[in-house]
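Student: Got a predicted structure plus its sequence, pasted below:
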Amino acid sequence: YHMYGSTIESLKVMIIFSPTHNYTALTLTGSKGNVWNQTTVQLPINADSAPSYTVAFVGTAGPSFTGDIGLDDITFSKECCPASCNKPNNFENGLGSYVNQGGNFNWTIGNGSTPSFSTGPTADHTLATTAGKYAFIETSSPRKVGDTARLVSPKFSAAVLSGCTVNFWYHMYGSTVSSLTVNVLYGTSSRRQIFTKSGNQGTSWKVGSGSIPTSIGAYQVEFVAKVGTSFTSDIAIDDISYSFECCSRGRNLPDYSQYSVVQLRALFSVNTLVVRGKDWAWGNQDLGVVGQVVTGLGAGQTVSVRWSLTNNTNSYRMGAGGKYDLYRLVDLGGYVKLPNITQPTYDLTKCPSYSVYPSSQLQTLFGTGTRVVRGKDWQWANQDGGPGLAGTITAGYIGTVAQVAVLWDATNKTNFYRVNNNGKFDLCRVNDIIGPTIPPVTTATTAPPPSCPDYSTLSGAQMFSLIPNGTRVVRGKDWVYGAQDGNGRGTIVQAFTSGVVTVKWDADGKTYTYNMGQTKKYDLCRVKDLGLSTL
């Protein structure tokens, strides 16, 4: 591609399954220099085992003539076109490898409306136009009630993985529609019903599917349509496809159980393209095609995926209960390339002695949300994933037993640890390692903890001048955000004249927005102001 000019807008590569179902696989913006550049795009699972799709290159014009975009030398890798598998059929080129076999009459190819009124589709499903093709039964004379048409697929090799499904779209509109049945044929003469639908289903195309067992060996799929009591019983089908599990013979598939939670979190980050995996147990939620991660791996070791064809979002296991419902699209060759994972570690020698802190202060310091690492009395092997790896307190200081619950980043497991339990401290606060440490409140003085001055006496301009980017802060007098700060310190990364600031907290690196003058609320206090009564 060539994107050179001061007003270049964007070039997108889109994968289009149908007029209403598509996703963007690549977006490039801005000038890339006066040179030709090369890039690659990961396409959906091979076109022989998923619904047909179109690759579209979408160029968007910028605000002036210096926004030209060029394309050249588009090629597809051999993996896009395997020699043989369960090929989809959209009937745009006739019945293809499917044949009429054993019925009283035949399925035929149609487009637009069927010859009869008040029955049948008005357009195909693939293109949603009157030019697009579909297979249907015409139920006018000389057809009789109960006549059947049988459309049979070619013979396919046995499904290798559980979860193999045939997916298709059907149209059953008319006041006297009878039934559509899908069977799987196997052995010498065995037949098993995997889908059936009867009666008028309305004027729109509907999606159907049926499961194909791995135990039956080689098989064929049969679509059986039955004539109703009059001509208003036309039935049509379109876009027959087969899920990934039907076509995985010879594939080298990844095993995600060998990776840590931290590694899985990086592998299955937001926008990662996925397909159903070895432990899939969710029927046809995905329609057998690709989806995109919209919420990364959480505490329960699940991810949320939005599927390309349905646009529905569901949650799936990636380690929960030892199950892995998904494969990354890029890993289907079996080789998993791990991203550069930066798991921060902390110098445990910098941990202070908490024995000088009173119990009341420890309850605050080790509250829910506080980031911690192993401490001086640690005796729990690698429950935390290893020395210097952090976790988050999920159940705060419990005074009667002096314990807290910690969810560890590396293992995604929760355990209980001692905080001044018989003088033992299993944990150390991350904030106390990266410093400075909050001093203990001693019983030798009645002085209150450091307070923050009253900022409400300042004008908006004065307040804004005191909080430039880089200012170190802690929670202030109007704080209402729980342990969002990790009970520690943060840095202002953006201040606004409206009296709002954005802060990045040391404990977990997350960024949030707070009031510093807006609506006369002061959620924060500058670290340098602690202990001052006035500025």
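Tutor: It's in.
Student: how about the nearest residue to Ser175, chain neighbours excluded?
Tutor: If the residues on either side of it in the chain are set aside, Ser175 comes closest to Thr232, at 4.9 Å by C-beta to C-beta, 6 or more residues apart in numbering. (Each C-beta comes from the backbone N, C-alpha and C, glycine too.)
Student: hang on, isn't that neighbour packed against Ser116?
Tutor: Yes - Thr232 lies in contact with Ser116 (C-beta atoms under 8 Å); the separation is 6.7 Å.
Student: If you count surrounding residues, which of those two has more?
Tutor: Using other C-beta atoms under 10 Å as the criterion, Thr232 and Ser116 rank with Thr232 on top: 19 against 16.
Student: Common neighbours of Thr232 and Ser116, please.
Tutor: Counting by C-beta atoms under 8 Å, 6 or more residues apart in numbering, the common neighbours of Thr232 and Ser116 are Thr139.
Student: ok, back up a step: who touches the residue nearest to Ser175 in this structure?
Tutor: Contact analysis of Thr232 by C-beta under 8 Å, 6+ apart lists Ser116, Ser118, Thr119, Thr139, Gly174, Ser175, Thr176, Val177.
Student: cool, Ile137 as well?
Tutor: Applying C-beta under 8 Å, 6+ apart to Ile137 gives the contacts Phe105, Trp107, Thr108, Arg143, Ala149, Ala225, Val227, Asp234, Ile235, Ala236.
Student: shouldn't the fourth one be in contact with Thr108?
Tutor: Read that as Arg143. No - under the contact definition of C-beta under 8 Å, Arg143 does not touch Thr108, with a separation of 12.0 Å.
Student: Comparing these two, which residue is more hemmed in?
Tutor: Between Arg143 and Thr108, Arg143 has the larger neighbour count (other C-beta under 10 Å), namely 18 against 15.
Student: residue ranges for the helices of the chain, please.
Tutor: Here the chain has its helices, by DSSP state H, at 261-267, 359-365, 430-434, 460-466.
Student: okay, the residue nearest to Ser175: pLDDT?
Tutor: The model reports Thr232 with a pLDDT of 95.
Student: where's it relative to Ser178, distance?
Tutor: With the distance defined as C-beta to C-beta, to the nearest Å, Thr232 ends up 11 Å from Ser178.
Student: again, but for Val294
Tutor: Going from Val294 to Ser178 by C-beta to C-beta gives 41 Å.
Student: Could you give the bridge partners of Phe136?
Tutor: Beta-bridge pairing of Phe136, defined through DSSP bridges, involves Thr108, Ala236.
Student: so who does it touch?
Tutor: With contact set as C-beta under 8 Å, 6+ apart, Phe136 has these partners: Trp107, Thr108, Ile109, Gly110, Thr114, Gly120, Pro121, His171, Asp234, Ile235, Ala236, Ile237.
Student: my guess is Val303 meets Thr313, correct?
Tutor: No - between Val303 and Thr313 there is no contact under C-beta under 8 Å: 10.6 Å.
Student: more crowded one of these two?
Tutor: Per other C-beta under 10 Å, whichever of Val303 and Thr313 has more neighbours is Val303, with 28 against 13.
Student: Give me the pLDDT for the more buried one.
Tutor: Looking at Val303, its pLDDT reads 92.
Student: cool, and Cys81?
Tutor: 56.
Student: try Gly291
Tutor: Gly291 is assigned 84 on the pLDDT scale.
Student: Please tell me how far it sits from Tyr324.
Tutor: Per C-beta to C-beta, Gly291 is found 15 Å from Tyr324.
Student: out of these two, which sits in the busier spot?
Tutor: Gly291 (29 against 22).
Student: who's in contact with the more buried one?
Tutor: The neighbourhood of Gly291, defined by C-beta under 8 Å, 6+ apart, consists of Leu273, Val274, Val275, Val305, Arg306, Trp307, Ser308.
Student: What's the separation between the third one and Arg150?
Tutor: Using C-beta to C-beta, we find Val275 at a distance of 31 Å from Arg150.
Student: quick one: which of those two has more around it?
Tutor: For Val275 versus Arg150, the count of surrounding residues by other C-beta under 10 Å is larger for Val275: 25 against 19.
Student: Return the distance of stretch 254-271 from the chain's centre.
Tutor: How far stretch 254-271 lies from its chain's middle: 13 Å, per C-alpha atoms, centre = their mean, to the nearest Å.
Student: try stretch 239-246
Tutor: Taking mean C-alpha positions (C-alpha atoms, centre = their mean), stretch 239-246 and its chain are 21 Å apart.
Student: So what would you say the end-to-end distance of that stretch is?
Tutor: With C-alpha to C-alpha, to the nearest Å as the measure, stretch 239-246 spans 16 Å from end to end.
Student: swap in stretch 61-77?
Tutor: Start-to-end span of stretch 61-77 (C-alpha to C-alpha) is 30 Å.
Student: Pull out the buried positions in it.
Tutor: Burial within stretch 61-77, assessed by neighbour count using 16 or more other C-beta atoms under 10 Å, is assigned to Gly62, Gly67, Ile69.
Student: Okay, and the beta partners of the spatially most central residue of the chain?
Tutor: Nearest residue to the geometric centre of the chain (C-alpha atoms, centre = their mean): Val293, 1.5 Å. Note on Val293: beta-bridge partners Val305, judged by DSSP bridges.
Student: picking that back up, and Val294 and Ser178? which has more neighbours close in?
Tutor: Taking other C-beta under 10 Å, Val294 and Ser178 do not tie; Ser178 has more neighbours (21 against 13).
Student: my read: the more buried one touches Ser198, true?
Tutor: Yes - between Ser178 and Ser198 there is a contact under C-beta under 8 Å: 6.8 Å.
Student: Identify the residue nearest Tyr4 in space, chain neighbours excluded?
Tutor: Spatial nearest neighbour of Tyr4, excluding adjacent residues (C-beta to C-beta, 6+ apart): Asn34 at 4.5 Å.
Student: My guess is that neighbour contacts Gly5. True?
Tutor: No - the criterion here is C-beta under 8 Å, and Asn34 misses it with Gly5 at 9.1 Å.
Student: And the strands in the stretch 401-535 of the chain?
Tutor: 403-408, 414-421, 424-425, 427-429, 472-475, 490-496, 500-505, 511-515, 524-526 (DSSP state E, counting those that start in this stretch).
Student: could the ones you listed be laid out in TSV, adding distance to Gly298 and mean pLDDT?
Tutor: As requested, the strands of the stretch 401-535 of the chain are exported to TSV (distance: least, C-beta to C-beta, whole Å; pLDDT from 0 to 100):
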stretch	distance to Gly298	mean pLDDT
strand 403-408	11	87
strand 414-421	13	88
strand 424-425	29	90
strand 427-429	23	93
strand 472-475	26	90
strand 490-496	23	90
strand 500-505	19	89
strand 511-515	19	86
strand 524-526	28	91
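Student: Output those strands as CSV; include the columns distance to Ser204 and mean neighbour count.
Tutor: Formatted as CSV, these follow (distance: least, C-beta to C-beta, whole Å; neighbours: other C-beta atoms under 10 Å):
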stretch, distance to Ser204, mean neighbour count
strand 403-408, 46, 21
strand 414-421, 48, 19
strand 424-425, 65, 20
strand 427-429, 59, 23
strand 472-475, 55, 20
strand 490-496, 49, 18
strand 500-505, 47, 20
strand 511-515, 44, 16
strand 524-526, 55, 22
